[in-house]
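> below is the sequence, then the predicted model.
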Amino acid sequence: QVQLQESGPGLVNPSQTLSLTCTVSGTSILTKDYYWSWIRQSPGKGLEWIGYITFNGIRWYMPSLESRTSIDRDTSKNQITLHLGSMTPEDTAVYYCAGEGDHGFDSWGQGTQVTVSS
């Protein structure tokens, strides 16, 4: 069973960079079975795809966020990381990591609340 757990700061100051970590268990992040995504949901809004990284390190980012987004991985720790720069209050959201397999997003973390405020 694939399990994902997000971790990171709950509060970020405006203009700072958010760094979140997703620890994956039950499978290797190098498996060809999954793409690993970061997704967020702002208050009162739907889910917004931030980007993903594949088993061989290919990355895709939502164009509206691409200039300030970086998704990386630490294979020794089986972790996926998200860095989102120049944070504003509009980036306040619950941030999720998710694994997308052949049948869609079938593995999700519980999500972590991130609030941008001074």
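Done, it's in.

> give the buried residues for stretch 62-72.
Buried residues in stretch 62-72, counted by 16 or more other CB atoms under 10 Å: 65, 69-71. Where you see a C-beta, it was placed from the backbone N, CA and C, and this is true even at glycine.

> same deal with stretch 19-33?
19-24, 27, 29.

> with stretch 73-80 instead?
Buried, per 16+ other CB under 10 Å, within stretch 73-80: 73, 78-80.

> and which of these is nearest G51?
I80 (10.5 Å; CB to CB).

> what's the closest of the buried residues of stretch 62-72 to G99?
Of all the buried residues of stretch 62-72, G99 sits closest to I71, with 13.4 Å by CB to CB.

> hey, C-alpha coordinates of the helix or strand harbouring the closest one in CSV?
Under DSSP states H and E, the secondary-structure element containing I71 is strand 69-74. C-alpha atoms of strand 69-74 as CSV (Å, rounded to 0.1, in the frame of the first residue of the first chain):
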residue,chain,number,x,y,z
THR,A,69,8.1,26.5,-8.6
SER,A,70,10.6,23.7,-8.3
ILE,A,71,9.9,20.0,-7.6
ASP,A,72,12.8,17.8,-6.7
ARG,A,73,13.4,14.4,-5.1
ASP,A,74,15.7,12.8,-2.6
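
> quick check: angle from the helix or strand following it to strand 69-74?
Downstream of strand 69-74, the first helix or strand assigned by DSSP H and E is strand 79-84. Calculated by axes from the mean of the first three to the mean of the last three CA atoms, to 10 degrees, strand 79-84 forms an angle of 160 degrees with strand 69-74.

> no more questions from me, cheers.
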